[in-house]
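A.B. asks: sequence and computational prediction follow.
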Amino acid sequence: MIPGQNSQDCKKLEPLLDDYLHGELPRATAEQLASHLEACANCREALDDLHISARLVGAAFEPVSEPDPGFARMVMARINTAEQWLQGQRAFWRPFEAVAWRLAFSSALILAFLFAYGLRRAPVATPLAPTGVLVPQTDAFAQSASFSPSTSNSNEVLIAIAERHHEQQ
Ligand SMILES: [Zn+2]
């Protein structure tokens with residue numbers, strides 16, 4: 001089979017590749033696509049590309065142990081890698097909805113970045129004081145709690161500083 005000769009079938013089946021990759025197609029459709037994939041190198045390569053892009057996007061969700069600036073740089077580097085891969089992708093995609101697909105892919109990356117960055121920035125498992133239990137509130141305890149480095153909300157620190165300043169006046 002000469003690549004590109006069966007592009008009518010490819011156009012019809014290409015939008016299904018993503019669902020096929022995730023095993024979400026009805027059995028009959030999956031079998032039809034599988035037999036097309038056996039005959040069509042273009043669609044096999046497209047499926048490989050989807051596989052790579054899924055891994056690139058998934059990489060943005062990997063837990064990391066680096067500090068925030070390094071984390072942001074690393075995610076941006078991963079996005080750059082993905083963009084370079086996208087620019088170097090096979091000409092097979094271009095006759096189809098390459099622009100729309102590119103936009104969708106970029107949006108997915110941006111969402112992945114925002115989501116991962118948001119997760120990273122969000123306070124992790126802030127311990128809550130048990131309700132209904134009387135906790136002794138000595139001055140020393142209140143002070144160390146207000147200025148503990150584990151305070152995740154900088155507004156709380158600013159309010160605490162303002163209140164202390166007010167008390168001292
Ligand atoms: Zn094909």
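C.D. replies: Yep, it's here.

A.B. asks: any idea how far residue 163 lies from the ion?
C.D. replies: 68 Å (C-beta to the ion, to the nearest Å). C-betas here are computed from N, CA, C, even on glycine.

A.B. asks: count the neighbours of that residue for me.
C.D. replies: 12 (other C-beta atoms under 10 Å).

A.B. asks: in what helix or strand does it lie?
C.D. replies: helix 154-168 (DSSP states H and E).

A.B. asks: give me the mean pLDDT for that helix.
C.D. replies: On average, the pLDDT along helix 154-168 is 66.

A.B. asks: before we move on, what about stretch 13-23?
C.D. replies: 89.

A.B. asks: residue ranges with poor pLDDT in the chain?
C.D. replies: Along the chain, the model assigns pLDDT under 70 to residues 1-6, 60-69, 71, 86-87, 89-103, 105-107, 110, 113-162, 164-169.

A.B. asks: rerun that using 80 as the cut-off
C.D. replies: 1-6, 55-169 (pLDDT under 80).

A.B. asks: interface residues of it facing the ion?
C.D. replies: Proximity of the chain to the ion is confined to 10, 40, 42, 43 under the rule C-beta under 5 Å from the ion.

A.B. asks: run the last query once more with 8 Å
C.D. replies: Proximity of the chain to the ion (C-beta under 8 Å from the ion) is limited to residues 6-7, 9-10, 13-14, 36-37, 39-40, 42-43, 46.

A.B. asks: just the buried members of those residues?
C.D. replies: 6, 9, 10, 13, 14, 36, 37, 40, 42, 43, 46 (16 or more other C-beta atoms under 10 Å).
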